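Colleague: Please work out how this folds:
(one chain, ligands or ions: 2)
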Amino acid sequence: MNNKNLILAIETSCDDTSIALVDNTGFVLAQFSASQDDKHRVFGGIVPEIASRNHTIAVLPLVENVFRESGKNWANISGIAVTSRPGLLGSLLVGVMTAKMLALVNKIPFVGVNHLEGHLLAPFLRDAKTSPPEGFGFPFLGLVVSGGHTTIYEALEFGKYKAIGATLDDAAGEAFDKFAIKVGLGFPGGAKVDTAAKSGHVDAFNFPRALTQKGNLNFSFSGLKTFAQDFLNKMPEKERDLRLNDLCASFQEAIVDQLINKLKFAQEKTKLKQVIISGGVSANSRLRFKAKEWADAAGLLLVLPPMRYCTDNAAMIGYVGMRRLALGLASPQSLGPSARSFEGDFC
Ligand code: KG4
Ligand code: ZN
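Modeller: Numbers count the residues shown, from 1 in each chain. Ligands and ions are numbered 1, 2, ... in the order given. Reported below is the predicted structural model:
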């Protein structure tokens, strides 16, 4: 029981502080996260300075939590994985400095991980309740869709990922969040739009779809966002409230249509038979339903990780870090946080 085979993982790239313990097979022994939604809600978006300050407060108590929950201690930790890029610089700084300090004190290696690689490899995580479907592995097609990202990757092998399509403007989650504020559902509103949409009609209103040309793998949501804002501005407030469910269903359908269509184009191009969707927006029930419908009809293996590994979480960072450290790819103490991915993270 006293094996030194665990990775302590730290994720602080945006507003969620998350700590996890992952073993050398990708099994998650414990994960604790602290949400800051209550702190940012009043501003209608994430305030970077408030996010970093709250990471500083939350991070070490969460480390204590994972040790208490798992019954493990520092003697069991062989290395530390931390999100070092991309993200909010001040937020990343808290995680990176914490990782370096803990690695130094405990005389163990640490590795900086790309947050998007974490999202992409989340389907490999296992715990008492979940494991990837039998036979799942590289190569696969991956859609990472969150509040900050909407990108399709060809995941060829560990460490080799090709970005084959990305948003030209807003991320899908951002579009959900802006719409939610406009219709009075508050921030962050993606999940609330999803809930309201369940009792609405998807074709009640006609919201535009962008970049529909066959084979175009890029996304665009800013036109939809502006259209929706203008549309709502012209609608009497009373009608807007009465038709809230229809508005949510129709708006959501425009986003989901675009995501599914681009996945279809990407699958036709790459011929890959395995598809994963990860990131906060993959919680969307309509997206999950339409993706499953498409995958079943096309004979594809679709993997949707459980929500605890889809939204921002440390376990996915631990998985990537575990694999990198096993290859001897520790980071130097001079590694700093970076708001952007490194050249070479993706090809
Ligand atoms: O991955 P994530 O936790 O954080 C990053 O943005 O990196 O994703 C958060 C995003 C927010 O935009 C939120 O509104 C959206 O995911 N989201 C959803 C749903 N649940 C969360 N969007 C649509 N439907 C949902 N059910
Ligand atoms: Zn994320």
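Colleague: for the residue in the stretch 1-150 of the chain positioned nearest to ligand 1, helix, strand, or coil?
Modeller: As assessed by Cβ to the nearest ligand atom, ligand 1 sits closest to residue 147 within the stretch 1-150 of the chain, at 2.7 Å. Bear in mind the C-beta positions are built from the backbone N, C-alpha and C, glycine included. Assigned by DSSP: H, G, I helix; E, B strand; the rest coil, the conformation of residue 147 is coil.
Colleague: Surely it touches residue 173?
Modeller: Yes: with contacts counted by Cβ atoms under 8 Å, residue 147 reaches residue 173, the gap being 3.6 Å.
Colleague: nearest spatial neighbour of the closest residue to ligand 2 within the stretch 1-150 of the chain, skipping sequence neighbours?
Modeller: Closest residue of the stretch 1-150 of the chain to ligand 2, Cβ to the ion: residue 146 (4.4 Å). Spatial nearest neighbour of residue 146, chain neighbours left out: residue 279 (3.5 Å); criterion: Cβ to Cβ, 6 or more residues apart in numbering.
Colleague: So what does the one you found have for phi and psi?
Modeller: Backbone torsions of residue 279, given as degrees, to the nearest 10, read phi 100, psi 160.
Colleague: Please list all residues in contact with it.
Modeller: Shown in contact with residue 279 (Cβ atoms under 8 Å, 6 or more residues apart in numbering): 119, 143-146, 149, 173, 310-311.
Colleague: What of residue 124?
Modeller: Contacts of residue 124 (Cβ under 8 Å, 6+ apart): 26, 132, 136, 319.
Colleague: does the helix or strand that residue 104 is a member of come close to ligand 2?
Modeller: Residue 104 is part of helix 89-106, with elements assigned from DSSP states H and E. No: with Cβ under 5 Å from the ion as the measure, helix 89-106 is seen stopping short of ligand 2, the closest distance being 11.5 Å.
Colleague: Could I get the buried residue list for that helix?
Modeller: 89-100, 102-103, 106 (16 or more other Cβ atoms under 10 Å).
Colleague: Report the distance from that helix to the chain centre.
Modeller: In this view, helix 89-106 has its centroid 21 Å away from the chain centroid, taken as Cα atoms, centre = their mean, to the nearest Å.
Colleague: cool, stretch 258-277 as well?
Modeller: With Cα atoms, centre = their mean, you get 18 Å for stretch 258-277.
Colleague: one step back: what about the residue of the stretch 1-150 of the chain closest to ligand 1, neighbour count?
Modeller: 24 (other Cβ atoms under 10 Å).
Colleague: who's in contact with it?
Modeller: 14, 171, 173-174, 177, 188, 190, 280-281.
Colleague: So among those, where is pLDDT lowest?
Modeller: For these, the weakest pLDDT value sits at residue 188, with 86.
Colleague: Now that residue. Nearest residue, chain neighbours left out?
Modeller: Spatial nearest neighbour of residue 188, chain neighbours left out: residue 177 (5.2 Å); criterion: Cβ to Cβ, 6+ apart.
Colleague: what do you get for residue 336?
Modeller: residue 96 (6.8 Å).
Colleague: Okay, helices next: where are they in this structure?
Modeller: 37-40, 48-70, 89-106, 115-121, 172-182, 190-197, 222-234, 237-242, 244-270, 285-298, 307-310, 314-326 (DSSP state H).
Colleague: For the ones you listed, give me JSON lines that also has distance to ligand 1.
Modeller: Shown next, in JSON lines, are those (distance: least, Cβ to the nearest ligand atom, whole Å):
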{"stretch": "helix 37-40", "distance to ligand 1": "10"}
{"stretch": "helix 48-70", "distance to ligand 1": "12"}
{"stretch": "helix 89-106", "distance to ligand 1": "11"}
{"stretch": "helix 115-121", "distance to ligand 1": "7"}
{"stretch": "helix 172-182", "distance to ligand 1": "3"}
{"stretch": "helix 190-197", "distance to ligand 1": "2"}
{"stretch": "helix 222-234", "distance to ligand 1": "13"}
{"stretch": "helix 237-242", "distance to ligand 1": "20"}
{"stretch": "helix 244-270", "distance to ligand 1": "7"}
{"stretch": "helix 285-298", "distance to ligand 1": "6"}
{"stretch": "helix 307-310", "distance to ligand 1": "7"}
{"stretch": "helix 314-326", "distance to ligand 1": "10"}
